[in-house]
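Engineer: Can you look at this prediction? I've put the sequence above it.
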Amino acid sequence: MYEPGVYHFSFQENFGNYIFQGSRLSSGKYHFQIGVLLTNPHFFIFSEVKNLSGKLIFDTEYNQLIRQLDDREGYFKDPLMQVNHQRFQFVNWLQQHKFNNKIPIYFVVIVNENSKIEPRNNEDSIADKVIRDTKLLDIVISLHNNHNKAFFTKKELQRLQNLLIDSHILSDPEILTLLNLNSEDLLTGVICPECTQLPMKRVHGKWICLVCKATSKNAHLQALHDYALLINPTITNKELRKYLHIDSEAVVNYILKAMNFDFTGNTKGRVYNLTSGT
Ligand SMILES: [Zn+2]
């Protein structure tokens with residue numbers, strides 16, 4: 001139903017964050033899968049989302065996570081150890097692919113509000129590294145305030161992004177919910193494929209980047225794809241005008257027609273299915 005893809009958006013603060021989920025990478029001898037990776041030029045955050053309710057006992061001595069729910073106990077691998085291990089493999093992977101692997105890479109385990117976090121040992125490090133989904137945006141903002149140095153150029157991030165896209169990515173439309181983000185946290189508009197700024201401006205059938213002046217005929221395809229993944233698999237002309245920053249109903253009609261999306265309803269109320277079409 002959903003095409004594999006990359007979560008290609010910025011938060012409202014426009015930090016240029018990208019989210020990758022479930023990329024399966026090869027480090028030569030073996031494969032490893034990354035949970036959720038947030039990237040920007042200054043730092044990366046590696047995270048593992050544990051959507052478990054009940055009491056979560058983090059036992060770093062025996063490297064286990066114990067979940068107690070309704071008088072029952074379940075045992076899981078220690079997610080902190082898992083995500084730290086992934087991080088270690090990812091640092092090597094970065095080096096193999098000639099990226100700067102000195103970029104600060106944080107790791108967190110994200111749990112939702114239906115769980116009670118209970119450290120069995122190492123309280124301080126667990127308090128730092130096991131966080132509520134509601135806290136993620138605060139952490140991103142505070143890290144941005146503390147990291148001015150850019151370790152990646154836009155071009156390098158683009159290359160990283162392409163490699164991650166080429167690797168097997170499992171997409172999940174629930175990603176925003178998992179990270180406790182709203183669609184209002186997303187910036188709208190078409191992202192420039194050259195410099196990753198947004199929004200591009202539609203002029204005479206082309207997209208023009210107001211920052212780097214690059215032009216593109218089909219940069220909106222990624223935006224439509226993101227919309228389907230992150231917000232809603234269906235869209236109306238009016239919603240798409242708002243999302244793509246286009247005033248003209250006729251221009252958006254033209255774009256929708258060209259994509260051959262299936263639709264229901266007539267004229268103004270028409271709802272297009274973004275997962276159909278060419
Ligand atoms: Zn640009």
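Structural biologist: Nice, I can see it.
Engineer: Write out the residues of the protein neighbouring the ion.
Structural biologist: Contacts of the chain with the ion, taken as Cβ under 5 Å from the ion, map to Cys192, Glu194, Cys195, Cys209, Val211, Cys212, Ala214. Heads up, the C-betas are built off the backbone N, CA and C, glycines and all.
Engineer: Those residues, buried ones only, as a ChimeraX selection?
Structural biologist: To isolate the buried ones among the residues of the chain next to the ion in ChimeraX, judged by 16 or more other Cβ atoms under 10 Å, type:
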select :192,194,195,209
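Engineer: Turn the residues of the chain next to the ion into JSON lines, columns for secondary structure, distance to Ile57 and pLDDT.
Structural biologist: What follows is these, written out as JSON lines (DSSP: H, G, I helix; E, B strand; the rest coil; distance: Cβ to Cβ, whole Å; pLDDT from 0 to 100):
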{"residue": "Cys192", "secondary structure": "coil", "distance to Ile57": "47", "pLDDT": "85"}
{"residue": "Glu194", "secondary structure": "coil", "distance to Ile57": "49", "pLDDT": "83"}
{"residue": "Cys195", "secondary structure": "coil", "distance to Ile57": "46", "pLDDT": "79"}
{"residue": "Cys209", "secondary structure": "coil", "distance to Ile57": "50", "pLDDT": "93"}
{"residue": "Val211", "secondary structure": "coil", "distance to Ile57": "49", "pLDDT": "88"}
{"residue": "Cys212", "secondary structure": "coil", "distance to Ile57": "51", "pLDDT": "90"}
{"residue": "Ala214", "secondary structure": "coil", "distance to Ile57": "52", "pLDDT": "93"}
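Engineer: ok, the residues of the chain next to the ion vs Ala250, which is closest?
Structural biologist: The closest of the residues of the chain next to the ion to Ala250 turns out to be Cys209 (Cβ to Cβ; 23.3 Å).
Engineer: so what's the nearest residue to that closest one once chain neighbours are set aside up against?
Structural biologist: The shortest distance from Cys209 to any non-neighbouring residue, by Cβ to Cβ, 6 or more residues apart in numbering, is to Cys192 (3.9 Å). When contacts are counted by Cβ atoms under 8 Å, 6 or more residues apart in numbering, Cys192 touches Leu198, Met200, Trp207, Cys209, Val211, Cys212, Ala214, Ser216, Ala219.
Engineer: Count the residues that sit near the last one.
Structural biologist: Put plainly, it is Ala219. Using other Cβ atoms under 10 Å, Ala219 has 24 neighbouring residues.
Engineer: Assess the claim that it and Ile191 are in contact.
Structural biologist: Yes. Ala219 is within contact range of Ile191, at 6.9 Å (criterion: Cβ atoms under 8 Å).
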